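# quick one, fold the following:
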Amino acid sequence: MNKRITAVMLTAAMAAGSLAGCSGGSSAAGTTAAQNTAGTTAAGSAEAGTTAAGPTTITFWHSMGGVNGEAIDYLVNKFNTENTQGITVEAQYQGSYDDAINKLKSAQIGNMGADLVQIYDIGTRFMIDSGWVVPMQELVDADGWDLKQVEPNIAAYYTVDNTLYSMPFNSSTPLMYYNKDMFDKAGITEIPDSLPGIEAIGEDLINKGGAGEVMSLAIYGWFFEQFTCKQQQAYANNGNGRTDVATAVDFDQNGAGAKTLTAWKSLYDKGFAPNVGRGGDAGLADFSSGKSAITLGSTASLKQILNDVNGKFEVGTAYFPKVSADDKGGVSIGGGSLWALNNEDTAKQKATWEFVKFLVSAESQAYWNAQTGYFPVTTAAHDEPVFKENIAKYPQFMTAIEQLHDSTPESAGALLSIFPEARKVVETEIENMLNSGSQPEAAADAMAKQINKAIEEYNLLNE
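Numbering: from 1, shown residues only. Predicted structure coming up:
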């Protein structure tokens, strides 16, 4: 069966993964785009791979709302005003990432409705399989563009078989946020770096620090994946779905799933990490209100947390916690990337590439970081004045930069075409484990059984 046709049939499964935090299109707090002058450098010089003579209009679908959407609009308007090649970008907000993919499924090759589309991280394998895209590597190579400009640990996620399929754009990693005032009051001077370490200081945070909760730990599939990365274990077989298409999960076979759930359940059973709900933002409210001493969240949530706390206490940031004290793995990125769609129009393809280069330029990425809290995916952005000013204002963000650099491409994470469905399964089974008191091994096995069935059905349709 044609891969694109079967991929379209399976798009409905993607809608099951309603996501927040790192992978969603929710707004992040910060100054509005109109208040920031990101510089006056003209976009798109006359380089190899530029557009053919005559004006070209391309359509860009994105899923950024609120302040993030304002930042997108600012960048699009800047490009349209400053490029000298007659390129006009029409930016169209599509709602959620699932909405964008569902809209693509009804399109036809050569008339996709968009030329460039923003897709969340866990849509990567699906987009590769779809047959809809021109790999970004082809545009990079045609222009002789230096890919080393992109943070290697970010580019690694979107690279399969040495091919960069999409350009990183809004990238994030998870952080541990903690209430410094509570820690000081409890006399805790060493910040824990693991779940058992958090458990060890739980009583002090409650009895001495005044915490109502030790940790507001949201039930979120992305966190489960990160705990697997921290253990240097694979979530799925076949090299996490990177050396070949995954045929099954691996976290039940290598023990990573049960170890994560054991540490999670221990915190819950002691009353240190109650069930605060599902989704990436579920634990943030208890932390920002001063109820919990610790929470986990995306780097892109930093400004929102600081705004919500509003000086009530000092917010500290630390690396995402390990499952065991001796874990040596890193973190994987979340967020989204930019995909060039195959509309069989050379002029539009070249214009799309010019716009992509503009979006990942040092100037644009420094502006994007300052407005949204997402990583600047281009290393040279760190030298931009707006980036330096933002770091001076929000020094907590340096934790995210250091954590990214301390990770390795081997922690890039898994690729699954049915990842949204897998995350929903993981969250359901964690919730079931906490509510029913079932054992971690049983919960990990239940996850694996359901996800493996979905993988098998997808792979059968795409043989």
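# show me the contacts for the residue lying closest to Ile451 once chain neighbours are set aside.
Distances taken as C-beta to C-beta, 6 or more residues apart in numbering place Ala422 nearest to Ile451, at 4.7 Å, with adjacent residues excluded. No exception for glycine: its C-beta is placed from N, CA and C like everyone else's. Neighbouring residues of Ala422 by C-beta atoms under 8 Å, 6 or more residues apart in numbering: 221, 249, 416, 451, 454.
# the stretch 251-400 of the chain: helices as residue ranges?
Taking DSSP state H, counting those that start in this stretch, the helices of the stretch 251-400 of the chain run over residues 256-269, 284-288, 302-309, 346-359, 362-372, 385-393, 397-406.
# what are the contacting residues of the last one?
Pointing back at helix 397-406 there. By C-beta under 8 Å, 6+ apart, helix 397-406 touches 151, 153-154, 172-173, 175, 299, 302, 317-320, 330-331, 333, 373, 375, 382, 390-391.
# and it, what's buried?
Neighbour counts using 16 or more other C-beta atoms under 10 Å place 397, 399-401, 403-404 of helix 397-406 among the buried residues.
# buried set for stretch 158-175?
Within stretch 158-175, the residues that count as buried by 16+ other C-beta under 10 Å are 158-160, 164-175.
# and these, which is closest to Ile87?
Checking the buried residues of stretch 158-175 against Ile87 by C-beta to C-beta gives Met167 as the nearest, at 16.7 Å.
# any idea how far Phe320 is from the closest one?
As judged by C-beta to C-beta, to the nearest Å, Met167 and Phe320 stand 25 Å apart.
# got it, and Pro420?
If you go by C-beta to C-beta, the gap between Pro420 and Phe320 works out to 22 Å.
# check Gln253 too.
Distance, Gln253 to Phe320, using C-beta to C-beta: 24 Å.
# more neighbours, the two?
Using other C-beta atoms under 10 Å, the more surrounded residue of Gln253 and Phe320 is Phe320, with 24 against 14.
# ok, that one touching Pro192?
No - counting by C-beta atoms under 8 Å, Phe320 stays clear of Pro192, with 11.9 Å between them.
# what's next to stretch 150-158, contact-wise?
121, 124, 136, 147, 164-168, 171, 330, 332-333, 337, 360, 375, 377-379, 404-405, 407-409, 411-413.
# just the ones of the residues you listed in strands?
Among the contacts of stretch 150-158, DSSP state E puts 164, 167-168, 171, 337 in strands.
# where is the longest helix in this protein?
Counting residues, the longest helix in the chain under DSSP state H turns out to be helix 440-461.
# what residues of that one count as buried?
For helix 440-461, a neighbour-count test (16+ other C-beta under 10 Å) marks 440, 443-444, 446-448, 450-452, 454-455, 458 as buried.
# can you redo the residues you listed as a markdown table with pLDDT and distance to Ala366?
Supplementary listing: these in a markdown table, determined by pLDDT from 0 to 100; distance: C-beta to C-beta, whole Å:
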| residue | pLDDT | distance to Ala366 |
| --- | --- | --- |
| Pro440 | 98 | 43 |
| Ala443 | 98 | 43 |
| Ala444 | 98 | 42 |
| Ala446 | 98 | 45 |
| Met447 | 98 | 40 |
| Ala448 | 98 | 42 |
| Gln450 | 98 | 43 |
| Ile451 | 98 | 39 |
| Asn452 | 98 | 43 |
| Ala454 | 97 | 40 |
| Ile455 | 97 | 40 |
| Tyr458 | 93 | 39 |
